[in-house]
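give me coordinates for this.
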Amino acid sequence: MSVVTITKDNYEMEVVQSDKPVLLDFWAPWCGPCKMVSPIVDEIAEEVGLVIKVGKINVDEQPELAAEFKVMSIPTLAVVRGGVVVKKSVGAKPKKDILEMLEA
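Numbers count the residues shown, from 1 in each chain. The predicted structure is shown next:
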């Protein structure tokens, strides 16, 4: 399954109302570590997309969502279940660590 671009307009439907857990990747095009994490997140979306939804939020374009999630540094990854953040991680992480976040 492909990655969904999350905006303030589709956040409610794609994240809060999702019947699956959602992995959110907060990023920006100018962020070096974000560029390292992005292909890993894409890979995870392809591998687990049937059981987990993966979304990306550009913090420059969606400052309201970044503020709502209290994103101070990027990349920030968050796992949301039933509209509630259950895990959050800041900084570039290897694939193994991101997958472990999804197991909780």
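
A helix includes residue 38, no?
Yes - counting by DSSP: H, G, I helix; E, B strand; the rest coil, residue 38 is located in a helix.

any idea how far residue 12 is from it?
Going from residue 38 to residue 12 by C-beta to C-beta, to the nearest Å gives 24 Å. Bear in mind the C-beta positions are built from the backbone N, C-alpha and C, glycine included.

between these two, who's got more neighbours?
Using other C-beta atoms under 10 Å as the criterion, residue 38 and residue 12 rank with residue 38 on top: 17 against 11.

residues touching that one, list them.
Contact partners of residue 38, counting by C-beta atoms under 8 Å, 6 or more residues apart in numbering, are 25, 27, 56.

out of the residues you listed, the closest to residue 48 would be?
residue 25 (13.8 Å; C-beta to C-beta).

correct me, but that closest one touches residue 56?
Yes - if you go by C-beta atoms under 8 Å, residue 25 and residue 56 touch, sitting 4.7 Å apart.

anything in contact with each of the two?
Residues touching both residue 25 and residue 56 (C-beta under 8 Å, 6+ apart): 3, 38, 41.

and the residues you listed, which is closest to residue 83?
Ranked by distance to residue 83 (C-beta to C-beta), the shared contacts of residue 25 and residue 56 are led by residue 3 at 19.7 Å.

how far away is that closest one from residue 72?
As judged by C-beta to C-beta, residue 3 and residue 72 stand 23 Å apart.

between residue 25 and residue 56, tell me which one has more neighbours.
residue 25 (25 against 20).

strands paired with the helix or strand the more buried one falls within, and their directions?
Assigning secondary structure by DSSP states H and E places residue 25 in strand 22-27. Next to strand 22-27 in the sheet, as set by DSSP bridges, lie strand 53-58 (parallel), strand 76-81 (antiparallel).

deepest-packed of those strands, please.
Comparing these by mean neighbour count (mean count of other C-beta atoms under 10 Å), strand 53-58 ranks first with a mean of 22.

contacting residues around it?
Identification of contacts with strand 53-58 by C-beta under 8 Å, 6+ apart yields 1, 3-7, 14-15, 18, 20-29, 38, 41, 44-45, 48, 65-66.
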